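K.L.:
task: produce atomic coordinates for the following.
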Amino acid sequence: MKTVSQLLQGKGGSVLSVTPESNVFEALKLMAEKNVGALLVMNGDAMRGIMSERDYARKVILLGKSSHELAVRDIMSDKVVSVTPKQTVDDCMALMTGRRIRHLPVLDNGRVVGVLSIGDLVKAVIEEQQQTIQQLESYIHS
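P.N.:
Numbering: from 1, shown residues only. Alright, predicted model coming up:
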């Protein structure tokens, strides 16, 4: 089973973020431009939270507020579940399923080194299954 570190090597460790003071509308524009469902909320190197499409839908749209007038700190989730580079894809899948979350920041000694989405994990599982199938087919044919 692949580790988080191996996934980040293949994916790259770039992390998209905004500050707590950032405007929600501008954060949404960045999410749309980069085709991502969440942004880390950072103060320098310190992670303060995460802002997701779900936060926007539940804390802005459903409450009739304006994304032009709100700061990210007003809607972000500040209790962020994270993983370390040594954890496995299975660990991450269990955590995401159990907590009903779609994004996991990766912290190495308290420093953000990447973010994994549920899509990243599903892709890794499918690749691993395809490798197993190829090995079994090769074994059967030999």
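K.L.:
what about the top helix by length along the chain, average pLDDT?
P.N.:
Ranked by residue count and defined by DSSP state H, the top helix of the chain is helix 118-141. For helix 118-141, the mean pLDDT works out to 88.
K.L.:
helices or strands up against that helix?
P.N.:
Secondary-structure packing of helix 118-141 (3 or more CB pairs under 8 Å, 6 or more residues apart in numbering; DSSP states H and E): helix 4-11, helix 89-99. To be clear about C-beta, it is placed using only N, CA and C from the backbone, and glycine gets the same treatment.
K.L.:
can you pull out the residues in contact with the shortest one?
P.N.:
In this structure, residues lying in contact with helix 4-11 by CB atoms under 8 Å, 6 or more residues apart in numbering are 83-89, 91-92, 106, 113-114, 116, 120-121, 124.
K.L.:
hey, what's the spatially most central residue of the chain bridged with?
P.N.:
The chain has His103 as the residue nearest its centroid, 2.8 Å off, counting by CA atoms, centre = their mean. Judged by DSSP bridges, the bridge partners of His103 are Ser117.
K.L.:
quick one: it from Ser82, how far?
P.N.:
Separation of His103 from Ser82 (CB to CB, to the nearest Å): 10 Å.
K.L.:
among the helices and strands packed on helix 118-141, which is nearest Met51?
P.N.:
Among those, helix 89-99 comes nearest to Met51, with 16.8 Å by CB to CB.
K.L.:
return the set of buried residues in that closest one.
P.N.:
Using 16 or more other CB atoms under 10 Å as the test for burial, helix 89-99 gives 89, 91-92, 95-96.
K.L.:
return the member of those residues nearest to Leu62.
P.N.:
Using CB to CB, Met96 comes nearest to Leu62 of the buried residues of helix 89-99, at 23.2 Å.
K.L.:
for the closest residue to the closest one other than its chain neighbours, which residues are in contact?
P.N.:
Distances taken as CB to CB, 6 or more residues apart in numbering place Ile118 nearest to Met96, at 5.7 Å, with adjacent residues excluded. If you count contacts by CB under 8 Å, 6+ apart, Ile118 has them with 96, 102-103.
K.L.:
run through the residues that contact Leu104.
P.N.:
Leu104 makes contacts with 81-83, 92, 95-96, 115-117, as judged by CB under 8 Å, 6+ apart.
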